[in-house]
Structures are given as structure tokens and as C-alpha cells.
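# What follows is a predicted protein model with its sequence.
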Amino acid sequence: MRDAATIVGIIRDRGRRPLPLEDSYRQLFNPALSLRASGRLSRHKGARTRGATTETVDARSLAKIDALSDALRHERSRGTPGRRPVIPQKSGKRRARGVPTWSDKLGQAVLGSIRAAY
């Protein structure tokens with residue numbers, strides 16, 4: 001199996017030359033890209049902020065990443081509603097802010113890395 005840098009390099013090369021990107025859906029559940037996205041997520045300051053569930057980046061493991069990849073592969077993955085804390089604005093009003101779960105953040109990061117490379 002190819003590592004994440006090779007996959008992203010191939011996608012980037014196909015994007016530079018105007019070639020179609022094939023099998024992009026299959027790359028969503030590639031464990032190498034999931035591990036790469038998980039490493040990138042863990043560097044952010046807000047990575048330890050809990051979403052609608054208590055799971056954070058601290059609870060990540062290869063088993064969880066494999067379970068998420070398997071759920072995506074078999075189309076069993078369902079997004080969970082995010083936590084909606086209300087935060088104040090400068091104008092004195094308040095607005096709701098959506099905080100997704102760690103699993104949803106991971107899926108979004110994998111998709112974002114595929115899109116950014118293309």
C-alpha cells in the first residue's frame with residue numbers, strides 16, 4: 001500500500017496537469033491518509049476540545065481510525081450533530097458556534113487534504 005505522501009503527490013500531479021481524478025471516494029477510507037490527517041489535527045490548539053461526544057484527539061488510536069475507515073468503506077458512517085455553545089460577539093449579541101466530534105473532524109480533514117492536493 002502506498003504511503004500518504006505518495007498518494008497526495010499523485011493527486012497533486014493529476015491536478016497540475018488537467019487530468020480527471022479517479023477513485024477519489026476510495027481515498028476517503030485510506031488508512032494512510034487518515035493517519036496523516038489525525039497527525040495534523042492533533043497539532044491544533046483546539047484538538048482537545050470535546051464536541052457533542054466526549055471523544056477528543058487524546059482518545060485517538062489505530063483501532064478507532066480503522067473503525068472509522070471501515071464505517072466509511074461500508075457506508076455506515078453517519079455524522080453526529082455538533083455541540084452548539086453560544087458565544088458573545090463584540091456587538092453584544094450572542095451566536096451559536098458548531099463544534100463537531102473528533103470522528104467528524106477526521107473525516108473532514110481527510111476530504112480537505114484530498115481537495116487541497118487536487
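Thanks, I have it.
# Could you check the pLDDT of Lys90?
Lys90 carries a pLDDT value of 92.
# where does it fall, phi/psi-wise?
Here is the backbone geometry of Lys90 (degrees, to the nearest 10): phi -60, psi -30.
# ok, now the one 5 residues further on?
With angles defined as degrees, to the nearest 10, Arg95 sits at phi -140, psi 150.
# Hmm, it is touching Ile87, no?
Yes - if you go by CB atoms under 8 Å, Arg95 and Ile87 touch, sitting 6.4 Å apart. In this view, the C-beta of every residue, glycine as well, is placed from N, C-alpha and C.
# more crowded one of those two?
Applying other CB atoms under 10 Å to Arg95 and Ile87 shows that Arg95 carries more neighbours, namely 11 against 8.
# Give me the pLDDT for that one.
Confidence score, pLDDT, at Arg95: 92.
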